[in-house]
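J.: Next input, structure requested:
(chains A and B)
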There are 2 protein chains.
Amino acid sequence: MKNITTTEITICGHAYEKYLGMINGFHGNIAPGVVVGGLMVDLAYRNLPHGQYLDAVSETRSCLPDAVHLLTPCTVGNGWLRIVDLGRFALSMFEKYTGVGVRVYVDSRKLEKWPELKTFFFKLKPKKEQDRKALLDEIRSAGTAIFTIRKIVVDLDSITSSKRRVFTVCPGCGEGYPRIDGEKCLSCQRDATYSYFDLKKPD
Amino acid sequence: MKNITTTEITICGHAYEKYLGMINGFHGNIAPGVVVGGLMVDLAYRNLPHGQYLDAVSETRSCLPDAVHLLTPCTVGNGWLRIVDLGRFALSMFEKYTGVGVRVYVDSRKLEKWPELKTFFFKLKPKKEQDRKALLDEIRSAGTAIFTIRKIVVDLDSITSSKRRVFTVCPGCGEGYPRIDGEKCLSCQRDATYSYFDLKKPD
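T.: Numbers count the residues shown, from 1 in each chain, chains lettered A, B, ... in the order given. Model (predicted):
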């Protein structure tokens, strides 16, 4: 296994150890997925022209979005980071107005050489039984070797809504909601998707 | 209108102006929605016991999630913040293991006294025509006066998946995906929801 010293790796200009500290502060622990995510963001940036207005799409909601939050101007709240939860550990970054950019993904074929990473990504063992230290060592050693990067042109029409949403008061709950959702807000329509909001009354 | 000086308001222990700076750094600009969101997080925290493990649900993906990112340990990536995009500007925070907590929402009835806030939340004017300074002044003056807070008990069964997802290689794209999604990953199933990933080939 190739040994790489800490000083050799930077993540978007941050020393590797510093990035681990940033993860700990924001995410609550040095989650392996956010470490891997940082390497993916770094790889994407290295393959995109500087000074562009970039948007990002994460194809998972686990871990990867927080790497984007830590290292780029894109956040869920400002809309420059979108989460399309396909369950794939993949990140696209592209120029906002043309859709031209790159997609970086964890390439399952490249995981064969990295047993802890393979176990982690395919959840071959419960988290408690995974060797966390060995996993973090493998992440550092593997660096970008487990990724594949492809040029992409995102179909902007499919992800951009040009309509300014009109809001109105829901006759059910009395709260504001986007009128396009229907006669009542989605919660009051009790779509099964949103069963979270079948809130029990407190005692 | 009640005038409140800067020093009177804190957001989760941060001076108001400091919080505005935090927003600017993370979100890219002092977005009114993130300012309002901070007041909501602060109100929720003041009504929850200290020292609990808290989860959060944002009912919108606009702005509000970034207030949670800035002020709480909950992030999208660590899963303690969930976004259930009902289009309502509402935040629930609750104890992770019991579901007991509070829901804070912008109460449309309480917006009548605050014309700029009403215009902002109901998108009565295009953003360019809104008076940003007057809006930020109103947010500060209104403080928590535009919110309603309710005790809740969240039905944890409806939002918690106890099953560890098994991952496998998709026969379509060759990438890892959660097997529960079907014979192929959601992208290769070309579900209309995910048309984003009908990526055009680059020239």
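J.: can I see the domain layout of chain A?
T.: Here the domain parsing of chain A from automatic domain parsing is A:6-159, A:167-197.
J.: Quickly, which of these bottoms out on average pLDDT?
T.: Among those, domain A:167-197 has the lowest mean pLDDT, at a mean of 78.
J.: What residues of that domain count as buried?
T.: For domain A:167-197, a neighbour-count test (16 or more other C-beta atoms under 10 Å in any protein chain shown) marks A:167-170, A:173, A:175-179, A:181, A:185-188, A:194, A:196-197 as buried. Heads up, the C-betas are built off the backbone N, CA and C, glycines and all.
J.: With stretch A:140-154 instead?
T.: Result for stretch A:140-154 [16+ other C-beta under 10 Å]: buried residues A:140, A:142, A:143, A:146, A:147, A:148, A:149, A:152, A:153, A:154.
J.: Please render the residues you listed as TSV that adds distance to residue A:121 to the earlier fields.
T.: Formatted as TSV, the buried residues of stretch A:140-154 follow (distance: C-beta to C-beta, whole Å):
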residue	distance to residue A:121
A:140	16
A:142	12
A:143	16
A:146	9
A:147	12
A:148	14
A:149	17
A:152	22
A:153	27
A:154	24
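J.: Tell me which two of the residues you listed sit farthest apart.
T.: Spanning the widest gap among the buried residues of stretch A:140-154 are A:140 and A:153, at 32.9 Å by C-beta to C-beta.
J.: Nearest to residue B:8, out of the domains of chain A?
T.: domain A:6-159 (26.0 Å).
J.: now the closest one: how far from the chain's centre is it?
T.: Relative to the chain's own centre, domain A:6-159 is displaced by 7 Å; criterion: C-alpha atoms, centre = their mean, to the nearest Å.
J.: Next, the buried residues of the longest helix along chain A.
T.: In terms of residue count, the longest helix belonging to chain A (DSSP state H) is helix A:32-46. Across helix A:32-46, burial judged by 16+ other C-beta under 10 Å covers A:32-45.
J.: quick one, helices of chain A?
T.: A:16-27, A:32-46, A:64-71, A:115-121, A:132-142, A:156-159.
J.: In a markdown table, list those helices along with distance to residue B:119.
T.: Formatted as a markdown table, the helices of chain A follow (distance: least, C-beta to C-beta, whole Å):
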| stretch | distance to residue B:119 |
| --- | --- |
| helix A:16-27 | 34 |
| helix A:32-46 | 37 |
| helix A:64-71 | 30 |
| helix A:115-121 | 47 |
| helix A:132-142 | 48 |
| helix A:156-159 | 28 |
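J.: out of those, which comes closest to chain B?
T.: With C-beta to the nearest C-beta, the closest approach to chain B among those belongs to helix A:64-71: 2.9 Å.
J.: Show me what that closest one is packed up against.
T.: The helices and strands touching helix A:64-71, judged by 3 or more C-beta pairs under 8 Å, 6 or more residues apart in numbering or on different chains; DSSP states H and E, are helix A:16-27, helix A:32-46, strand A:54-58, strand A:81-83, strand A:90-95.
J.: okay, the angle between it and helix B:64-71?
T.: 70 degrees (axes from the mean of the first three to the mean of the last three C-alpha atoms, to 10 degrees).
J.: ok, and what's touching helix A:64-71?
T.: Outside of helix A:64-71, the residues within contact range by C-beta atoms under 8 Å, 6 or more residues apart in numbering or on different chains are A:11-12, A:14, A:19, A:22-23, A:26-27, A:31, A:33-34, A:36-38, A:40-42, A:45, A:56, A:58, A:74-76, A:81, A:83, A:89, A:91, B:26, B:69, B:75-78.
J.: report the angle between the axes of that helix and helix B:16-27?
T.: Here helix A:64-71 runs at an angle of 120 degrees relative to helix B:16-27 (the same axes, to 10 degrees).
J.: CA-only coordinates of helix A:64-71 in CSV, if you can.
T.: The C-alpha coordinates for helix A:64-71 follow below in CSV (Å, rounded to 0.1, in the frame of the first residue of the first chain):
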residue,chain,number,x,y,z
LEU,A,64,-21.3,13.8,0.9
PRO,A,65,-23.4,17.0,1.1
ASP,A,66,-21.4,18.1,4.2
ALA,A,67,-18.2,17.9,2.2
VAL,A,68,-19.8,20.3,-0.3
HIS,A,69,-21.0,22.5,2.6
LEU,A,70,-17.5,22.7,4.1
LEU,A,71,-15.5,23.3,0.9
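J.: Can you mark which positions in that helix are buried?
T.: Neighbour counts over helix A:64-71 (16+ other C-beta under 10 Å) mark A:64, A:65, A:66, A:67, A:68, A:69, A:70, A:71 as buried.
J.: and the angle for that helix with helix A:32-46?
T.: In terms of direction (the same axes, to 10 degrees), helix A:64-71 departs from helix A:32-46 by 60 degrees.
J.: hang on, the earlier thing: who wins for proximity to residue A:95 among the helices of chain A?
T.: When the helices of chain A are compared by C-beta to C-beta, helix A:156-159 sits nearest residue A:95, at 9.8 Å.
J.: ok, now which ones touch the nearest residue to residue A:73 once chain neighbours are set aside?
T.: Among residues not flanking residue A:73 along the chain, residue B:28 sits closest, at 5.2 Å (C-beta to C-beta, 6 or more residues apart in numbering or on different chains). Residue B:28 sits next to A:73, A:75, A:78, A:80 when contact means C-beta under 8 Å, 6+ apart.
J.: Throw together a PyMOL command that grabs the buried residues out of these.
T.: Those of the contacts of residue B:28 that count as buried under 16+ other C-beta under 10 Å are selected in PyMOL with:
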select buried, chain A and resi 73+75+78+80
